[in-house]
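A.B. asks: Predicted coordinates and the sequence they were generated for:
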Amino acid sequence: MNQPIRRLSMLVSVLFVLLLGSSTWIQVLGSQDINDRPGNRRTQLESYARERGQILIGGRPIASSTPTDDDLQWQRTYSNPRLYSHITGWNSFTYGPGGGIEEAEDGLLSGRDDKLFYDRLTGTIAGREPKGASLELTINPKVQKAADEALGDQRGAVVALDPRTGAILAMVSHPDYDPTPLVSHDPSVEKKAWESLNADPTRPLVNRSITGNLYPPGSVFKIVTAAAALEDGQWSEDSSIPGPAVLDLPQTDVGLPNSHPGACGPGDKVSLAVALQDSCNTAFGWLGMQLGGDAMRQQAGKFGFGDDLEVPMKVSPSTLPTQMSPPQEAQVGIGQYDVRVTPLQVAMVSSAVANDGVVMKPHLVQSVLGSDLSTISETKPEQLSKAMEPETSDQLTDMMKLVVERGTGTQAAVPGVSVAGKTGTAEQGEGMPPHAWFTGFAPADNPQVAVAVVVEDGGRAGNEAYGGSVAGPISAAVMKAALQ
Amino acid sequence: MRRAITTITPARGRNVELLLTALAIGVVILAYINVSVAESGTVPTDLLGHTGILAAIALTVHLVLRWRASFADPIILPIVTLLNGIGLVMIHRLDLAAGRDFGSGLALRQLIWTGLGVAIALAVLIALRDHRVLRRFTYTAGLAALVFIALPLSPLGHSVYGAKIWIKLGAFTFQPAEIAKILLAVFFAGYLVQTRDMLALAGHKVLGITFPRARDLGPLVIAWLAAAFVLVLENDFGTTLLIFGLFVAMLYVATERISWVVLGLGLAAGGALVVYQFASHVQTRVLCWTDTFSDQGMQQCGQLATGIMGMAAGGISGTGLGRGRPWLTPLPESDFIFTSLAEELGLIGIFAIIMLYALLVERGLRSAIGLRDGFGKLLATGLTFVLAIQVFVVIGGVTRVIPLTGLTLPFIAYGGSSLLTNWTLVAILLRISDHARRPEPEFDPASMDAPTQVVKTR
């Protein structure tokens, strides 16, 4: 019977090796995956066990953690929760980090990120309590506040950039929400807030400035079309192009009309500069067809369309249709048909014009601070792409100044400052009020701030809304705050 | 003739045993201090009281072994002491986490059960001078095993977490299937040693494999029915595997015929398929096994998922004793004590524990090989294999090698019936190993001559 006993012992060895293997799989090879699983209470508790880093603006925390007596040990608090709701997001025990920096930089805030290895190491040696890193943001609280107040109770978004660095000075999305109940240590409070926010038809949790359904840009897209035309070399700001009352669209029996009745200039001709100044649809529709889909896609791509950006929150890429017939090219030339943009992308277009054609990478985090508040890393301005030649941006700047001086954008003017800009009134379809847009930068000769404003469904003005009248004043308020 | 001229006495290893047992106690004391320091930052004041009892228990077994089984395998007691001690420390640690003090805690009860288990083990060692005596109780043991297995279905039965494997007498609950596994090993050993020749030799040859005759299949069918019965009526997947695995293994060892294994596995697979079709709780088990982390899996058996999350949190080196969160998993001190240990001791600690079990099994099978009587060989194999399957089924269950079952990790998991049974099992193994290692009685040619001398004097 010894032989089968020996074989049996081999079988037992195999079984035990299986156990060693399965344990190794769970504890080593697959452990990361299991730890990262949603609803893993150990990971959640672990992140609560050490103090989470602060989110700072101008050295003052807008999100911080205070010690508590309960199991979770730390309570997250937000100062000015609504004003910064889409920037901070929440760090909910039940629903995890989400909504903004809390989610996008969770690794740094919680202290798990590899970048903090050195900080952790020195902390261990020095006997410091482990703590997450703090983040200093680029937001200018005055600009943020001005944007928030100017947008008021209207749905929409405002983004302000420093065109020279790409630093995000303001990022507002309305409706906003209060993240405080989401970080309550009472699960029923969390649950109630979570469910009502998710059920809200106005979708307050969506950061409209970088995500959401994206908007049709309407006439603010004419900056892109104009840039493509100027870069093409055939046209300059003084070129005379067709600007009839109605543009014939080939292959169809409908025409493309202007938003105001009549032609854009005498003899159905208009200069490129005036076409932009008065937001002439027929002229830009004609340009769209002349340039063609490829050229417009290319130009848009140079502005950052189609890019997967992280600011550090993920930004939905703005898009142009991949296939266009000539009438659709005309539509795209004026920012209609299937062009979809984020307000951030529109602000980047203005920034590029302001910054001699160079698009800087937009960012929200200025610096990462270690647990002892020493600087671990600082964001260096980074060039994202080159959208156009400096001569082109100079011409575009001149043209966009005219828009605010005597065109559709006079209500975006800031006293004592020369502002360059472009209005947009984006049709959404029959019977629906248009989205009101404004984008621009100031001062035109020494740009310090670029702005994009969108007000959904015309805001308070409803069907009577125009970009200039609804979004223009908001832009003016934001620029004023930024230039103070 | 060689033996007759041998003058070397084989090493008994009692001093090795003492040393290793002291080492085991030392490890347990360190672990105990570790828990206390992690919990309150101080060395425990009641250190001597708690670990002293375990040390005293182990020492008593050692002394009785010196007295009554001096050739017993010297590795078994230290391993069991260490496993039992690790279990006690972990249970104590979970007591502290749950806010139970020592008086009301589970660790004290486990310590009392350990004492009782060892008392029975000592009684076995003292009363049972020769394991072959057990052969007399072959059929008594078989009958008793069936009664014990069926007991939870009687009015005494008590259901916990859907498995009807407990009986309740007043405040006292017991898992009769635990005892049944020893009884079954005795029965199978006795039965098989009697019938092995018939089972091994008679049969029809099909495809090069000799299959047994139908009339010899009786016991296999009975074991198969008993296992299926337990699975369906008591929802006890673990005991089913245990009974069936034990039987097929012993049958194979007795007959040395692979055809029995083929037949046994075939029957098991067929039975499992049929049961799977009808029994919803078996379907649930399988779902939890394959789709642990799906929404449905989390709902039906979140405990398995949380146990695995605990293990993952431990990683290679573990969080450290007293520094993890094992209480987040349901049943952290009984069914899921393995994941609790894995979380705090890490992969390194778990490897050590699995190797301890492997070593224990190896010592048991070595004794089986060393024995000269068929009954003893079979009994030792059976008892050892039952331990091995139980370890495999428990750890395999919580690490998703096989579907989860409600068996306990021998010596470590909280539970009286398990401790009593496994200490008894180890006592029989020690007795058998003593027999296996003891040299044959001296064969003295001189003494053979003596009678002729008597004749000579006449």
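C.D. replies: Structure received. Residues are numbered from 1 along each chain as shown, chains lettered A, B, ... in the order given.

A.B. asks: Give me the neighbour count for the residue in the stretch 151-300 of chain A positioned nearest to chain B.
C.D. replies: The stretch 151-300 of chain A approaches chain B most closely through A:Pro187 (15.2 Å), counting by Cβ to the nearest Cβ. Any C-beta I mention is one placed from the backbone N, CA and C, and that applies to glycine too. Other residues within reach of A:Pro187, judged by other Cβ atoms under 10 Å in any protein chain shown, total 11.

A.B. asks: My read is that it contacts A:Leu72, right?
C.D. replies: No - contact criterion Cβ atoms under 8 Å: A:Pro187 and A:Leu72 do not qualify, at 10.9 Å.

A.B. asks: thinking again about what came up before, next, the contact list for the residue of the stretch 151-300 of chain A closest to chain B, please.
C.D. replies: A:93-94 (Cβ atoms under 8 Å, 6 or more residues apart in numbering or on different chains).

A.B. asks: shared neighbours, A:Pro187 and A:Leu72?
C.D. replies: If you check A:Pro187 and A:Leu72 against Cβ under 8 Å, 6+ apart, the residues they both contact are A:Phe93.

A.B. asks: Would you state the helices of the stretch 1-150 of chain A in chain order?
C.D. replies: With DSSP state H, counting those that start in this stretch as the criterion, the stretch 1-150 of chain A has helices at A:2-24, A:31-35, A:41-49, A:85-88, A:101-104, A:106-110, A:117-126, A:141-151.

A.B. asks: and those, which one's lowest on average pLDDT?
C.D. replies: In terms of average pLDDT, helix A:117-126 trails the rest of those, at a mean of 74.

A.B. asks: do it and chain B meet?
C.D. replies: No - using Cβ under 8 Å from any Cβ of the partner chain, we find that helix A:117-126 stays clear of chain B, coming within 14.2 Å at best.

A.B. asks: Quick check: buried residues in that helix?
C.D. replies: Residues of helix A:117-126 classed as buried under the neighbour-count rule (16 or more other Cβ atoms under 10 Å in any protein chain shown) are A:119-120, A:123.

A.B. asks: Can you tell me which of the residues you listed is closest to A:Thr423?
C.D. replies: A:Asp119 (48.1 Å; Cβ to Cβ).

A.B. asks: Can you list the low-confidence ranges for the stretch 1-150 of chain B?
C.D. replies: Residue ranges of the stretch 1-150 of chain B with pLDDT under 70: B:1-10.

A.B. asks: Torsion angles phi and psi at the nearest residue to A:Ile241 once chain neighbours are set aside?
C.D. replies: In space, and not counting its chain neighbours, A:Ile241 is closest to A:Ala283: 5.3 Å by Cβ to Cβ, 6 or more residues apart in numbering or on different chains. Dihedral angles of A:Ala283 (phi, psi; degrees, to the nearest 10) stand at phi -60, psi -50.

A.B. asks: likewise the one 5 residues further on?
C.D. replies: As for A:Gly288, its main-chain torsions (degrees, to the nearest 10) stand at phi -60, psi -40.

A.B. asks: Give me the contact status of stretch A:101-110 with chain B.
C.D. replies: No - figure legend: stretch A:101-110 not in contact with chain B (Cβ under 8 Å from any Cβ); closest approach 14.7 Å.

A.B. asks: tell me the contacts of the nearest residue to A:Glu102 once chain neighbours are set aside?
C.D. replies: Spatial nearest neighbour of A:Glu102, excluding adjacent residues (Cβ to Cβ, 6+ apart): A:Gly89 at 4.1 Å. By Cβ under 8 Å, 6+ apart, A:Gly89 lies in contact with A:97-104, A:179.

A.B. asks: just the strands in the stretch 201-350 of chain A please.
C.D. replies: Under the criterion DSSP state E, counting those that start in this stretch, the stretch 201-350 of chain A contains strands at A:240-242, A:246-248, A:255-257, A:269-271, A:309-310, A:314-315.

A.B. asks: which stretches of chain B form strands?
C.D. replies: In chain B, the segments counted as strands under DSSP state E are B:157-160, B:163-169, B:172-174, B:204-206, B:209-211.

A.B. asks: got the contact list for the longest one?
C.D. replies: Strand B:163-169 is contacted by residues B:151-154, B:156-160, B:173-177, B:233-236, B:239, B:406 when judged by Cβ under 8 Å, 6+ apart.

A.B. asks: Work out the gap between that strand and the centre of the chain.
C.D. replies: With Cα atoms, centre = their mean, to the nearest Å as the basis, strand B:163-169 stands 20 Å off its chain's centre.

A.B. asks: go on, stretch B:264-283?
C.D. replies: 25 Å.

A.B. asks: what residues does stretch B:42-58 touch?
C.D. replies: Stretch B:42-58 is contacted from outside by B:21, B:24-25, B:28-29, B:32-33, B:36-37, B:77, B:81, B:84-85, B:88, B:92, B:102, B:107, B:111, B:114-115, B:118, using Cβ under 8 Å, 6+ apart.

A.B. asks: Contact residues of the stretch 351-458 of chain B facing chain A?
C.D. replies: So far as Cβ under 8 Å from any Cβ goes, the stretch 351-458 of chain B lies against chain A at B:351, B:354, B:357-358, B:361-362, B:365, B:368-369, B:374, B:377-378, B:381, B:385, B:388, B:391-392, B:395-396, B:399-401.

A.B. asks: One more pass at 6 Å, please.
C.D. replies: Contact residues, the stretch 351-458 of chain B versus chain A (Cβ under 6 Å from any Cβ of the partner chain): B:354, B:358, B:361, B:365, B:368-369, B:377, B:381, B:388, B:392, B:395, B:399, B:401.

A.B. asks: These into CSV, with extra columns for neighbour count and pLDDT?
C.D. replies: Converted to CSV, those look like this (neighbours: other Cβ atoms under 10 Å in any protein chain shown; pLDDT from 0 to 100):
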residue, neighbour count, pLDDT
B:Ile354, 19, 97
B:Ala358, 21, 96
B:Val361, 23, 96
B:Leu365, 23, 95
B:Ala368, 29, 94
B:Ile369, 16, 94
B:Lys377, 26, 95
B:Thr381, 30, 96
B:Ala388, 28, 96
B:Phe392, 25, 95
B:Ile395, 27, 96
B:Thr399, 27, 94
B:Val401, 18, 93
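
A.B. asks: Would you mind listing the two of those that lie farthest apart?
C.D. replies: B:Lys377 and B:Thr399 (32.0 Å).

A.B. asks: What helix or strand is A:Ser173 located in?
C.D. replies: For A:Ser173, the element it lies in under DSSP states H and E is strand A:168-174.

A.B. asks: Strand partners (parallel or antiparallel) of that strand?
C.D. replies: strand A:156-161 (antiparallel) (DSSP bridges).

A.B. asks: Great, nothing more from me.
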